[in-house]
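Got a predicted structure here, sequence first:
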Amino acid sequence: MAEHEHGGEFGAFLAGFLTGALVGAVAALLFAPRSGEETRRLLQEQGIALKTHVEEVASEARSHAEAALIEARRRAEEAAAEARRRAEELRKWLEESRAQFEQIMAQRRGEASPTTGEPFTEGPAA
């Protein structure tokens, strides 16, 4: 979740940065002492440069997002494998505990052992 929040912060930063860059470039060109034709040419050049920069930043952001997705999938797969391993250990422990419990209960009732079929003896009588 924290990674998702950082991605949103980066997106907001990127949008603000690009907007500021565009406004600053337009303001600089409009207030510079140039002819209208020269100003239009500079605006066009700046627009092309800005477009190229935006494409590069977007490509880099996409690469970072893809890498983060791959890492998140890897971690999720590891966590799922660990959860399966622990669940299997717990299942085995429960089965062993149940068998021990049944053996103790049968011993107290004087019944035969469920595992060996032989009657239990409690030892010497007092």
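Now that the structure is in, tell me what you want to look at. Source: prediction; values computed, not measured.

And the helices in this structure, which stretches?
Using DSSP state H, the helices found in the chain span residues 2-31, 36-109.

possible to save those as CSV with mean neighbour count and mean pLDDT?
The C-beta positions use only the backbone N, C-alpha and C, and glycine is treated the same way. Shown next, in CSV, are the helices of the chain (neighbours: other C-beta atoms under 10 Å; pLDDT from 0 to 100):
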stretch, mean neighbour count, mean pLDDT
helix 2-31, 11, 73
helix 36-109, 11, 91
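
how near is the residue nearest the centre of the chain to Ala79?
For the chain, the residue nearest the mean C-alpha position is Ala72 (3.6 Å; C-alpha atoms, centre = their mean). Here Ala72 is placed at a distance of 10 Å from Ala79 (C-beta to C-beta, to the nearest Å).

again with Leu18
37 Å.

any idea how far His64 lies from Val57?
Counting by C-beta to C-beta, the gap from His64 to Val57 is 10 Å.
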